[in-house]
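Novice: Give me a 3D structure for the following:
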Amino acid sequence: MNILMTSASAGAPRAASKNTTCASYRILPLAAVSLPDNYIWLLHRDDDDAVVVVDPGEAQAVLDYLQRGQLRLTDVLITHHHADHTGGIPRLRQQFPQLRVYAAANEPVAGLTAADVRLHDGDWVELPQLGARFQVLAMPGHTLGHVAYHDPAHLPGGVLFSGDTLFSAGCGRVFEGSMAQMQQSLARLRALPANTQIYCAHEYTAANLRFAQAVEPKNTAIADYAVQVVQQREQGLPTLPSTLALECRINPFLRWDAPAVQQAAIAFQQQQAADGVESVRPSTDAVAVFTAIRRWKNTF
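Specialist: Numbers count the residues shown, from 1 in each chain. Next up, the predicted model:
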């Protein structure tokens, strides 16, 4: 069921109540029909028919929105190569032959053409139709070539499209990179301004909070937010965007230096050793803590 988008009775569609509006462009969540936990983020200005989307795992939700609003798709931003983030590109390109896709130079995204743009860490993506500039941030870990897109000028606080690196109350699995790379990628995001708005690619918040409570059962910020998230989801509302300030209070994968998270990591390390799974010296080193918590989440 498409719970993130509703259609206006006349004119262009409207989005759920967590749309973010500023002087340059709006950010709207599209619910993918075939990927119910996925967010396809759609960006456009009210005074222009040009649209940009981030991580179109399917085409149908995007095409439906564009048709209702008589809009045109000009650009696609891709965070990484997994099919649930790129699967819609071929069909979107059929409908919009001039479409330009942006993706990391070392990420094996299928179906790219010579007209598309391959990106490196620190590059800027200029999107004048939005009045926006996104800086490309390399985020190895989930995949080796994963990137995030950061617009520091979008008010308030700037916006970050984090793909599968940072979720609300969680982070992506480490598939291609190392645990150290993933922790360092998250540390880079943690250093952004506290009021940065976080737009991740999946609606995993409620499940992530259950794990966060297991890691930090006495963390009242987690408990309070879990109640809020249940209420939002019961109303069919997205839990995003989050903010970096909130994530630093509730997300165990950003809290490797919190004593309670360090203690939980050591307990997991000791249990792994006792079970003969892995013998490691208990450590509160940032990478060791992150590794323990991520491996615990894999079994949760």
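
Novice: Let me see the ranges of the strands in the stretch 1-150 of the chain.
Specialist: 5-6, 14-15, 26-31, 39-44, 50-54, 72-77, 100-104, 117-119, 124-127, 132-138, 147-151 (DSSP state E, counting those that start in this stretch).

Novice: could those be laid out in TSV, adding mean neighbour count?
Specialist: Placement of C-beta: from N, CA and C, glycine included. Converted to TSV, these look like this (neighbours: other C-beta atoms under 10 Å):
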stretch	mean neighbour count
strand 5-6	16
strand 14-15	16
strand 26-31	22
strand 39-44	25
strand 50-54	23
strand 72-77	22
strand 100-104	23
strand 117-119	17
strand 124-127	15
strand 132-138	20
strand 147-151	26
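
Novice: Let me have these in a markdown table, adding distance to Leu240 and mean pLDDT as columns.
Specialist: What follows is those, written out as a markdown table (distance: least, C-beta to C-beta, whole Å; pLDDT from 0 to 100):
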| stretch | distance to Leu240 | mean pLDDT |
| --- | --- | --- |
| strand 5-6 | 14 | 25 |
| strand 14-15 | 12 | 32 |
| strand 26-31 | 7 | 95 |
| strand 39-44 | 7 | 97 |
| strand 50-54 | 12 | 98 |
| strand 72-77 | 16 | 98 |
| strand 100-104 | 21 | 98 |
| strand 117-119 | 23 | 98 |
| strand 124-127 | 21 | 98 |
| strand 132-138 | 18 | 97 |
| strand 147-151 | 14 | 98 |
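
Novice: a markdown table please, covering these and showing distance to Arg91.
Specialist: As requested, these are exported to a markdown table (distance: least, C-beta to C-beta, whole Å):
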| stretch | distance to Arg91 |
| --- | --- |
| strand 5-6 | 18 |
| strand 14-15 | 22 |
| strand 26-31 | 15 |
| strand 39-44 | 13 |
| strand 50-54 | 13 |
| strand 72-77 | 11 |
| strand 100-104 | 13 |
| strand 117-119 | 20 |
| strand 124-127 | 22 |
| strand 132-138 | 24 |
| strand 147-151 | 22 |
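
Novice: Indicate which one of those is closest to Gln235.
Specialist: strand 5-6 (12.3 Å; C-beta to C-beta).

Novice: just to revisit the earlier point, quick one: closest of the strands of the stretch 1-150 of the chain to Met179.
Specialist: With C-beta to C-beta as the criterion, Met179 lies closest to strand 132-138 of those, at 16.6 Å.

Novice: From the chain's centroid, how far away is that closest one?
Specialist: When C-alpha coordinates are averaged (C-alpha atoms, centre = their mean, to the nearest Å), strand 132-138 and its chain have centres 14 Å apart.

Novice: Dump it to CSV, keeping only the CA atoms.
Specialist: Provided in CSV are the C-alpha atoms of strand 132-138 (Å, rounded to 0.1, in the frame of the first residue of the first chain):
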residue,chain,number,x,y,z
ALA,A,132,21.0,23.5,-5.3
ARG,A,133,24.6,22.3,-5.0
PHE,A,134,25.3,18.9,-3.5
GLN,A,135,28.7,17.9,-2.3
VAL,A,136,29.6,14.3,-2.8
LEU,A,137,30.8,12.4,0.3
ALA,A,138,32.5,9.0,-0.1
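
Novice: Can you name the residues in contact with it?
Specialist: 24-25, 43, 77, 104, 119-127, 145-154, 161, 185, 188-189 (C-beta atoms under 8 Å, 6 or more residues apart in numbering).
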